[in-house]
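K.L.:
mind folding the following:
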Amino acid sequence: MTLPRKILVLDDDFCMGDFIASAAEAVGLSCFSTTEPEIFLEYLTSDVTLILLDLVMPTTDGISMLRTLGRMRCKVGIVLMSGAGEQAIDLAEDTASALNLCVAGHLKKPFRLKELEAILQKSKQGEL
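P.N.:
Down below sits the predicted model:
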């Protein structure tokens, strides 16, 4: 029996996190979303299979969180999310690569449900 795939979301916009969680659950994935970096780290357990990480947040930024994940030697695929533009995503991808983290994709905000569903389906099939 295969265990359900589990997604963890960190986004400062509660509505965005709820949107992602609803989409994940609609395709049969377990998802926990939070706006708090400390809670995110508490829920980052060995059964998490994919992380969706907002790059621009008021209490921390995505680069700082990537550094934390790098120190933790996180091996989970990470989807970077940002409305700040291509440069923010490029910088985050470069940082993640330097930290030996696995970037599984990116979503430029605002993104469409179809784009999110494509990533979620890949995760469900174990491709991410």
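K.L.:
can you tell me the SS state at the residue nearest the centre of the chain?
P.N.:
What sits nearest the mean C-alpha location of the chain, by C-alpha atoms, centre = their mean, is L52, with 1.0 Å. Following DSSP: H, G, I helix; E, B strand; the rest coil, L52 is assigned to strand.
K.L.:
how about L80?
P.N.:
strand.
K.L.:
confidence score at R73?
P.N.:
What the model reports as pLDDT for R73 is 97.
K.L.:
report how many residues lie close to the residue nearest to it when sequence neighbours are not counted.
P.N.:
In this structure, R73 finds its nearest non-sequential neighbour in N100, 7.7 Å apart by C-beta to C-beta, 6 or more residues apart in numbering. Where you see a C-beta, it was placed from the backbone N, CA and C, and this is true even at glycine. Counted by other C-beta atoms under 10 Å, the residues lying close to N100 total 10.
K.L.:
and for G28, the neighbour number?
P.N.:
Using other C-beta under 10 Å, G28 has 11 other residues around it.
K.L.:
doesn't R71 make contact with the residue nearest to R73?
P.N.:
No: contact between N100 and R71 fails when scored by C-beta atoms under 8 Å: they sit 11.0 Å apart.
K.L.:
quick one on the thing from earlier: pretty sure the residue nearest to the centre of the chain contacts M81?
P.N.:
Yes: counting by C-beta under 8 Å, M81 is a contact partner of L52 at 6.0 Å.
K.L.:
what do these two both touch?
P.N.:
11, 107 (C-beta atoms under 8 Å, 6 or more residues apart in numbering).
K.L.:
quick one: low-confidence parts of the chain?
P.N.:
1-4 (pLDDT under 70).
K.L.:
can you give me the strands in it?
P.N.:
In the chain, the segments counted as strands under DSSP state E are 6-10, 30-34, 48-54, 77-82, 102-108.
K.L.:
can I get the ones you listed in a markdown table including distance to A88?
P.N.:
A markdown table is the format used below for the strands of the chain (distance: least, C-beta to C-beta, whole Å):
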| stretch | distance to A88 |
| --- | --- |
| strand 6-10 | 15 |
| strand 30-34 | 21 |
| strand 48-54 | 10 |
| strand 77-82 | 5 |
| strand 102-108 | 9 |
